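Asks: show me the folded form of this:
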Amino acid sequence: MPTRRRRTSFLLVFGLLTCLLAAMPVTAHARASRSGPGVWTKLATANDASDTIGMLRTGDGKLHLVWLNKEASATSHTFGTATLSLAGAKLSSGTAFSTWDSLEGDPQLVRDGSDFRLVFEGATGSSGCFSTGLVYTATSTNGLTFTLANNTSMSAASAGIGNLAATVESDGTTPVATFAAGRLFHEGTDSCPAGSDGTINNHSGSNVPNNPSIVTDASDGSVWVAWFQTGNTTVGYHVDQILPTELPPVTAPDSTSTFAANNQPHQPVALVARALGGVYMAYCVASSTKPCVHIALWKVGAPASSVMTVPGSATGTAGHVALAAGKAGRISVLWYDVGKNLIHAVRTNTTATAFGVDRTIKPPAHTEAIQDLQGEGTFGRLDVLVNATLTTSGLPSTIQQTQILAGLTLTASPKTFANTAAHTVTFTVKDAGQPESGVKVSCAGLSATDTTNSTGHATLTFPKGFATGQHVCTASGTDYNPGKVTIKVTH
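Replies: Model (predicted):
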């Protein structure tokens, strides 16, 4: 089996999630078990810096992961698995199935009804179906151990191709995979070897597609593939509907330029299916001198005038972009800014038309490079997973996890008043410009608190003679980083 093309720059990975689960409610028990984010947890040592992580959130709030373990030998490969709680705690771990002669480091985890399906590339044995290096599947009831689908494959073409991506159709059981760097796709599973593969309508000539992603639109069940194209012409980000019928490819607005060859993602293209419908892509916009002037968020098919600039991304050193669909139609944009050495996350409102607070965290300790970045935000809290190369002995590639909470904005009216009389201050709490109810508002030095109503308003009365000076007021809500505002009290 040929060796997959290794990506040599900082690598990231898109967040592939099941959009139909995104609107499921969070139970009271799950809320009570959550803990604070911001602490990195090492889950495993990856086999390679370019390896990506397959993941799927289930309706009980658990996050299921699969990755290629560090090889025991050149011909002994296994997939590691883990389950995380909604709070990000590691609950269990396992091994997907017995060792293989070779496995590619891009396993995909999708639904199989109420169970799990692992889609992967590999080869083992000297004869038979699994010796031919195709795209295969395995199923599981717990997401930890898997049973191979014997004499079944998801490709007619020999694999060894890397750049695998997979989704499941709206029926929840039919998998669709794209492979061969985004040149081919296959719907469903067939007896080995599978029937003919479909050919994606990417641009021809000397151009080379790579780093594909694939999603299923929740609104109509259509399946879309996105990729980055290199070559002499049409360099940039592209997307194509492949099912139920295949359409001509579309180029993302402002994704091509004389410097566009350097704005490639070095990761699966950031593509996501919004929980309430619509497919969205995020990517770096290049100029003639910079590979990433800023990050753009585009609803696929919408006019160029609707493309939004992601706040905080215009540093000139942003990249490694990923997307995660969230509850109520929100979308989180993640990226790593190598110049600032910060991981960013910005979440949209429920209509994906405005952005909230740009939240940042430091990468794991001893990080030399972020090679792979991915997010999962189905239930509101954003899980962040990276393949980080460390500066410690041996320069290991490690899979690590933390969480980032979305930020609130808090405003006060009036912000300045005299203490010669009692004053009532109205506070407004918003998430990405939308009023947020059920948020507790408190102020330093004042014992009373209030909770925001359906319009995001809360009121607090400051008594006559209240201490002069500046006082910090805080908005605290479940699954949010607190919002703050400072009021000034004078004589």
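Asks: give me the average confidence score over stretch 215-233.
Replies: Mean pLDDT, stretch 215-233: 90.
Asks: can I get it in PDB, CA atoms only?
Replies: Extracted in PDB, the C-alpha atoms of stretch 215-233 (Å, rounded to 0.1, in the frame of the first residue of the first chain):
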ATOM      1  CA  VAL A 215     -20.600  17.300   5.200                       C
ATOM      2  CA  THR A 216     -24.300  16.600   4.900                       C
ATOM      3  CA  ASP A 217     -26.700  19.600   4.900                       C
ATOM      4  CA  ALA A 218     -29.400  19.200   7.500                       C
ATOM      5  CA  SER A 219     -31.900  21.200   5.500                       C
ATOM      6  CA  ASP A 220     -32.100  19.100   2.400                       C
ATOM      7  CA  GLY A 221     -29.800  16.100   2.900                       C
ATOM      8  CA  SER A 222     -27.400  17.200   0.100                       C
ATOM      9  CA  VAL A 223     -23.700  16.100   0.500                       C
ATOM     10  CA  TRP A 224     -20.900  18.600  -0.100                       C
ATOM     11  CA  VAL A 225     -17.200  18.200  -0.500                       C
ATOM     12  CA  ALA A 226     -14.700  21.100  -0.200                       C
ATOM     13  CA  TRP A 227     -11.000  21.100  -1.000                       C
ATOM     14  CA  PHE A 228      -8.000  23.400  -1.600                       C
ATOM     15  CA  GLN A 229      -6.600  23.400  -5.100                       C
ATOM     16  CA  THR A 230      -3.000  24.000  -6.100                       C
ATOM     17  CA  GLY A 231      -1.500  24.200  -9.500                       C
ATOM     18  CA  ASN A 232      -1.100  26.800 -12.300                       C
ATOM     19  CA  THR A 233      -4.700  27.900 -12.300                       C
END
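Asks: buried stuff in that stretch?
Replies: For stretch 215-233, burial by neighbour count (16 or more other C-beta atoms under 10 Å) applies to 215-218, 222-230. Where you see a C-beta, it was placed from the backbone N, CA and C, and this is true even at glycine.
Asks: need the residues you listed in CSV (columns: distance to residue 418).
Replies: Output for these, formatted as CSV (distance: C-beta to C-beta, whole Å):
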residue, distance to residue 418
215, 56
216, 59
217, 56
218, 54
222, 61
223, 63
224, 59
225, 63
226, 58
227, 62
228, 59
229, 64
230, 65
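Asks: closest to residue 139 among the residues you listed?
Replies: residue 216 (18.8 Å; C-beta to C-beta).
Asks: low-confidence bits of this structure, can you list those?
Replies: 1-36, 159-162, 203-207, 232-233, 257-262 (pLDDT under 70).
Asks: out of the buried residues of stretch 215-233, which are inside strands?
Replies: With DSSP state E as the criterion, strands contain 215, 216, 223, 224, 225, 226, 227, 228, 229, 230 from among those.
Asks: and of those, the nearest to residue 269?
Replies: For these, the nearest to residue 269 is residue 226 (4.4 Å; C-beta to C-beta).
Asks: would you quantify the distance from that closest one to residue 252?
Replies: Distance check for residue 226 against residue 252: by C-beta to C-beta, to the nearest Å, it reads 8 Å.
Asks: what of residue 145?
Replies: Residue 145 is 40 Å from residue 252, by C-beta to C-beta.
Asks: who's more crowded, the two?
Replies: In this view residue 145 and residue 252 are compared by other C-beta atoms under 10 Å, and residue 252 has more residues nearby, 22 against 13.
Asks: nearest residue to that one in space, please, no chain neighbours.
Replies: Using C-beta to C-beta, 6 or more residues apart in numbering and skipping the chain neighbours, the partner closest in space to residue 252 is residue 237 (4.0 Å).
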